[in-house]
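Visitor: What would the 3D arrangement of this be:
(one chain, ligands or ions: 1)
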Amino acid sequence: LTHHRVLIVGGGAAGISVAARLRRAGVTDIGLLEPSTTHYYQPLWTLVGGGRAGARESARPEASVVPPGVAWIRAAATAVDPDAKRVTTTSGASIDYDYLVMAPGIQLDWDKVPGMSAALETPDVSSNYAYELAPKTWDRIRNLRSGTAVFTQPGGLIKCAGAPQKIAYLAADHWRRQGVLADIDIHLVLPTPGLFGVKVFAEELERVVDRYGITVHTNSEVVEIDAQGRRAVVTDHGGGTTHSLDYDFMHVVPPQSAPDWVKASALADPANPAGYIEVDKHTLRHVRYPEVFALGDAGSTPNSKTGAAVRKQAPVVVANLLAAMAGEQTLPAGYDGYSSCPITTARNKMLLAEFDYTMQPHPTIPLIDTTKERKDMWLLKRYGLPALYWNLMLPGRA
Ligand code: FAD
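Guide: Numbering: from 1, shown residues only. Got it, this is the predicted structure:
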């Protein structure tokens, strides 16, 4: 049996940022439970699928991002017992903690849509939601000269809700440059009533969709895929009807939820079948277990699930955790729901949508109008944000 003063579950964007910040604050006994030997900068996968970056650029050895002085336990959590303050792992070991930070990310439920997994085995269907598949997306986009292309977003919360659209715009822009856009019928299937939850950004995206001649199916979801027949079954929740779309190429995004072992634990929100860890949306402390904090995609906070949100959540978790460890009764820091979504609208243009719990625009870059697609914002997406992630966010400096 091992014991750590602070145990962090998950060494992704959230877990590493918190570990680095705790080390910088002088906390010494930190365990990090993370099974993967590779750390991924997932936002780059959109650009990989769009032919604007190489997949390997998104991956670094996990060992290179684990902060010195943190005990990396190379195993996955299989259960958590917050009453016993104990986490069990795939290696059969148990780890006890005084304080727990949960950051295991979100689960991709590929099998929730009948036929989706099988379709990904065929040449015509891909997804930027997997490192191995993002290069296939670009391969298929590059080779398509005519026919029907379908881009889907599932119902429910997903990480980076803009990503299902971003790849549609990158593909459309590529086809426009190749002179084949008129020969490709593009469909975007979205579960939401509009292109974006914040009005100014939705209006800008409507102009983008019109420019490319994309047919948008709102309030709709792909509920089944017939890979052999190259046909997707689409349910329109608005009209209550079901129809099918034949495709020559389809980019799919799987439904998502908390990892199954989290859903089955006492940390999950019992009112939500997606099973996210039930924390206070400002303090990020668990509502029933005061020594537990959670952030990132696995948390129940009603913000848009992005790395940008994690960047704002990590300092809040650390400040509040340090206060709790010092025995303070009130927690000093609060998260305002900030999230941002850099939406690539063309191979060299980007719309930086920034907003918070109020769902009002929340711009952080002075002097320029980020409610419009811009070329300078493209440089931020392609070069600025990856550098920010590796050099400042993961080491706990920004
Ligand atoms: P992750 O970074 O996914 O890390 C979770 C970690 O937990 C992983 O290392 C995993 O191996 C580990 N883990 C899993 N199970 C266990 C277990 N049982 N025990 C221990 N460890 C475990 N965000 C943006 O801000 N901007 C974007 O443009 C953007 N684009 C995106 C595009 C795509 C295609 C995708 C897939 C994501 C995108 N995101 C974007 C979202 C962003 O990547 C996530 O929101 C962010 O990584 C969340 O951080 P996290 O630490 O919660 O989860």
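
Visitor: Which strand or helix spans residue 155?
Guide: Per DSSP states H and E: residue 155 is located in neither a helix nor a strand.

Visitor: Leaving out sequence neighbours, find the closest residue to it.
Guide: Leaving aside its sequence neighbours, residue 155 sits nearest to residue 191 (CB to CB, 6 or more residues apart in numbering; 4.1 Å). Bear in mind the C-beta positions are built from the backbone N, C-alpha and C, glycine included.

Visitor: Neighbours of the residue of the chain found nearest the ligand, how many?
Guide: Nearest residue of the chain to the ligand: residue 12, at 1.7 Å (CB to the nearest ligand atom). Residues contacting residue 12 under the criterion other CB atoms under 10 Å number 25.

Visitor: Pull up the residues of the stretch 251-398 of the chain that are close to the ligand.
Guide: Counting by CB under 6 Å from any ligand atom, the stretch 251-398 of the chain comes close to the ligand at 259, 296, 297, 298, 305, 306, 307, 308, 310, 342.

Visitor: before we move on, the earlier item: what residues are up against the residue of the chain closest to the ligand?
Guide: Taking CB atoms under 8 Å, 6 or more residues apart in numbering, we find residue 12 in contact with 34, 39, 40, 103, 104, 105, 296.

Visitor: If we use 10 Å, what do you get?
Guide: 34, 36, 39-42, 62, 65, 103-106, 296-298, 307, 310, 394 (CB atoms under 10 Å, 6 or more residues apart in numbering).

Visitor: One more: residue 43?
Guide: 13, 58, 159-160, 163, 166, 306-308, 341-342, 381, 385-386, 389.

Visitor: For residue 370, state which of the residues you listed is nearest.
Guide: residue 342 (9.7 Å; CB to CB).

Visitor: picking that back up, of the contacts of residue 12, which qualify as buried by neighbour count?
Guide: Buried residues within the contacts of residue 12, counting neighbours by 16 or more other CB atoms under 10 Å: 34, 39-42, 62, 65, 103-106, 296-298, 307, 310, 394.

Visitor: Run through the strands of the stretch 51-200 of the chain in chain order.
Guide: Remark: strands assigned in the stretch 51-200 of the chain by DSSP state E, counting those that start in this stretch are 59-61, 71-73, 77-81, 86-89, 94-102, 107-108, 125-126, 147-152, 184-189.

Visitor: Deepest-packed of the ones you listed, please.
Guide: strand 125-126 (a mean of 26; mean count of other CB atoms under 10 Å).

Visitor: now that strand: mean pLDDT?
Guide: Computed over strand 125-126, the mean pLDDT rounds to 98.

Visitor: Then stretch 212-222?
Guide: Mean per-residue pLDDT for stretch 212-222: 98.

Visitor: just stretch 105-122 next, same as before
Guide: Stretch 105-122 shows an average pLDDT of 98 in the prediction.
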